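J.: Sequence below, structure please.
(chains A and B)
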Amino acid sequence: MKTTKKLVLLSLMLSQALVLSVVESWIPVPVPVPGVKLGLANIITMVIIAFMGTADTFILVVLRCLLTSMFGGGISVFLFSIAGGLLSAVVMLVLHKKFSRVFSVVGISIAGAISHNIGQIMVASVIMKEISVLGYLPVLLISGIITGCFVGFCSSFLIEALKKTNIF
Amino acid sequence: MIKKGDIILIVAVSAMVIAGIIGFNFYKNTHKDVKKIAVIKKDNKVIRTIDIDNVENPERITVEGKYTNIILVEKGRIRFENADCPDLVCVKTGWLSEKGDLAVCLPNQAIIKIEGETEEVDGITY
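T.: Numbers count the residues shown, from 1 in each chain, chains lettered A, B, ... in the order given. Prediction:
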């Protein structure tokens, strides 16, 4: 892929990921547990993993975390999202590259959502020096399965549709 | 579209969750008759510890920081009553009354948890 085309595509993807995280913040969460959210921006991460390389995925995740925490939050929000984002990116990349015979896009997305939540709660317990925060882990794992399923189906529809175009 | 690994992943994680819930309930039910101590922490420092079963009059505690949390204590229960943080997860958590209950305000790094305290026995004579 040409450098210019790649640059444009990555920027487009980044802006879409940012819009999705803003849209997500409008959706109320029924569970009062910190860290439970839909993870819509993960749809974009899945698309990048499917069509582009490892380095592009990391660039996108880091930039997304940086920009979302600039828009709303601050340094502690950045730490939470970067920990979850990088851990889930690593898990999803490994599953996609090595185990895509065993896992579909839905499974990879569930694994990503779960590892995102685990990374976040780990950072939360380290920052607050409070091990009891890990008591939220069961709820976070369940919510990871549900949101990961939803995001996974969305991404697989999007990936199928994009395969029919000649964008990538 | 769904592959074998997806199902295995879901089943394995669900099994972990069930094991975790059972373990947590086991912790809750040990020493059920102990004193329930609510611990309020902010930025890793304990601000107050309250024996919530011995609260005579309801009291409001203000936790100042990047945001402000107002905590309400009544007899046998405690909650984040109000806050000006963006997500209000702490307020939505509601009342805490059991050992092991937990409410967290991540933006303000404030936390309320209920710990059990075994009544200390210095010695037993027969």
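J.: what helices or strands is the lengthiest helix in chain A leaning on?
T.: Across chain A, the longest stretch assigned as helix under DSSP state H is helix A:137-164. Applying 3 or more CB pairs under 8 Å, 6 or more residues apart in numbering or on different chains; DSSP states H and E, we find helix A:137-164 packed against helix A:42-51, helix A:105-127, helix B:4-29. Using the backbone N, CA and C atoms, a C-beta is placed for each residue, glycine as well.
J.: between those helices, which gets nearest to residue B:45?
T.: helix A:105-127 (13.5 Å; CB to CB).
J.: just to revisit the earlier point, buried sites along the longest helix of chain A?
T.: A:137-145, A:147-156, A:158-159 (16 or more other CB atoms under 10 Å in any protein chain shown).
J.: Would you mind getting the angle between it and helix A:42-51?
T.: 50 degrees (axes from the mean of the first three to the mean of the last three CA atoms, to 10 degrees).
J.: tell me the mean pLDDT for helix A:137-164?
T.: Taken as a whole, helix A:137-164 has an average pLDDT of 93.
J.: What is the end-to-end distance of stretch B:36-48?
T.: One end of stretch B:36-48 to the other measures 14 Å (CA to CA, to the nearest Å).
J.: For that stretch, buried residues please.
T.: B:36-42.
J.: what residue is smack in the middle of the chain?
T.: This is for chain A. residue A:42 (3.4 Å; CA atoms, centre = their mean).
J.: Not quite, go with chain B.
T.: Mean-position check on chain B, CA atoms, centre = their mean. Result residue B:102 at 1.7 Å.
J.: now stretch B:82-96, how far from the centre of its chain.
T.: 13 Å (CA atoms, centre = their mean, to the nearest Å).
J.: that older thread, in space, what's closest to the residue nearest to the centre of chain A - neighbours in sequence excluded?
T.: Leaving aside its sequence neighbours, residue A:42 sits nearest to residue A:151 (CB to CB, 6 or more residues apart in numbering or on different chains; 5.0 Å).
J.: that older thread, which one, of the helices and strands packed on helix A:137-164, ends up nearest to residue B:117?
T.: Closest among those, using CB to CB: helix B:4-29, at 14.3 Å.
J.: The closest one and chain A, any residue contact?
T.: Yes: on the criterion CB under 8 Å from any CB of the partner chain, helix B:4-29 is in touch with chain A at B:4-6, B:9-10, B:13-14, B:16-17, B:20-21, B:24.
J.: Go through that helix and flag the buried ones.
T.: Of the residues in helix B:4-29, those buried (16+ other CB under 10 Å) are B:5-6, B:9-10, B:13, B:17, B:20.
J.: same question for that helix, mean pLDDT?
T.: For helix B:4-29, mean pLDDT rounds to 87.
J.: What's the first helix or strand after it?
T.: Under the assignment DSSP states H and E, the closest C-terminal helix or strand after helix B:4-29 is strand B:35-42.
J.: mind listing what that following strand pairs with, with the direction of each?
T.: Applying DSSP bridges, strand B:35-42 is found paired with strand B:45-51 (antiparallel), strand B:110-117 (antiparallel).
J.: ok and the lowest-mean-pLDDT helix or strand in chain B relative to helix A:105-127, angle-wise?
T.: Using mean pLDDT, DSSP states H and E, strand B:110-117 stands out as the lowest-scoring helix or strand of chain B, at a mean of 84. Between strand B:110-117 and helix A:105-127, the angle comes out at 80 degrees (the same axes, to 10 degrees).
J.: Understood, closing this out.
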